[in-house]
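Asks: Here is my input; please provide its structure:
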Amino acid sequence: MMRNIHLIGPLLLVGLTLSWMEAKAQSVPSRVPEWDAKAFRADVGRQRGKSADTVVIVNFWATWCAPCVEELPEFVRLDSIIKARKLPARILMVSFDFRRDLQSKLIPFVTKRIPDLPCVLMVEPSMSAFINGVDKDWSGSLPATLVTGKRGSCRTFLERQVTSEELLELVQSCIHSQ
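Replies: Predicted structure coming up:
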């Protein structure tokens, strides 16, 4: 009987660990939605309209872009800060990967590297029109980041790598300017 009691602790630990892993697996994106420019504009507008001070941070990136991959931890760090401080901000990762690589490369990459950040695959047929719609001076190079407040009360577009500290300053500035 005593030997059975000693087994309960390790079995309970294994059970809790498996439950946590299952819950974590369910929170990982099972797929990355495909968006065109219309869906992108609708979502950013919806997020900005949720409250008077919602700030939307949009990162344009790709798995094949080394500087993009290098800066991903900055967005993970920023997301943690936003959640910890309960800031009215949201991050959206917009991938410019190839559609044919969605299942084989993008989803596994997102699941492993940025599982807590919402990510979409841009599938706009007219990428030059989309790029000009985001920022008329954007050359289309990656990485690029857009920080915007409600109704464009603040708007910053950065066509380069960014840091979480730099983005946090922009977010806070946007919140205070609205």
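
Asks: Let me see the ranges of the strands in this protein.
Replies: With DSSP state E, the ranges of strands along the chain come out as 34-35, 55-61, 89-95, 119-122, 144-148, 155-158.

Asks: can I assume Ser164 is in contact with Glu71?
Replies: No. The criterion here is C-beta atoms under 8 Å, and Ser164 misses it with Glu71 at 9.3 Å. For every residue, glycine as well, the C-beta is placed using N, CA and C.

Asks: In CSV: the strands of the chain, plus mean neighbour count and mean pLDDT.
Replies: Formatted as CSV, these follow (neighbours: other C-beta atoms under 10 Å; pLDDT from 0 to 100):
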stretch, mean neighbour count, mean pLDDT
strand 34-35, 16, 84
strand 55-61, 24, 95
strand 89-95, 23, 95
strand 119-122, 21, 93
strand 144-148, 22, 95
strand 155-158, 16, 95
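
Asks: Turn those into TSV, columns for distance to Ala129.
Replies: Below are these laid out as TSV (distance: least, C-beta to C-beta, whole Å):
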stretch	distance to Ala129
strand 34-35	14
strand 55-61	15
strand 89-95	15
strand 119-122	12
strand 144-148	16
strand 155-158	16
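
Asks: Nearest to Ile175 among these would be which one?
Replies: Taking C-beta to C-beta, strand 55-61 is the member of the strands of the chain nearest to Ile175, at 6.1 Å.

Asks: What are the boundaries of the helices in the chain?
Replies: 2-27, 37-49, 66-85, 107-113, 127-134, 164-177 (DSSP state H).

Asks: for the last one, packing partners?
Replies: Looking back up the chat, that one is helix 164-177. Under the contact criterion of 3 or more C-beta pairs under 8 Å, 6 or more residues apart in numbering; DSSP states H and E, helix 164-177 touches strand 55-61, helix 66-85, strand 89-95, strand 144-148.

Asks: CA atoms only for it, dumped as PDB, please.
Replies: Extracted C-alpha coordinates of helix 164-177, given in PDB (Å, rounded to 0.1, in the frame of the first residue of the first chain):
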ATOM      1  CA  SER A 164      10.900  46.100 -28.300                       C
ATOM      2  CA  GLU A 165      12.100  49.300 -26.500                       C
ATOM      3  CA  GLU A 166      11.600  51.400 -29.500                       C
ATOM      4  CA  LEU A 167       8.200  50.000 -30.200                       C
ATOM      5  CA  LEU A 168       7.100  50.400 -26.600                       C
ATOM      6  CA  GLU A 169       8.000  54.100 -26.800                       C
ATOM      7  CA  LEU A 170       5.900  54.400 -30.000                       C
ATOM      8  CA  VAL A 171       3.000  52.600 -28.400                       C
ATOM      9  CA  GLN A 172       3.100  54.700 -25.300                       C
ATOM     10  CA  SER A 173       3.300  57.900 -27.400                       C
ATOM     11  CA  CYS A 174       0.300  56.700 -29.400                       C
ATOM     12  CA  ILE A 175      -1.700  56.000 -26.300                       C
ATOM     13  CA  HIS A 176      -1.000  59.500 -24.900                       C
ATOM     14  CA  SER A 177      -1.700  61.300 -28.100                       C
END
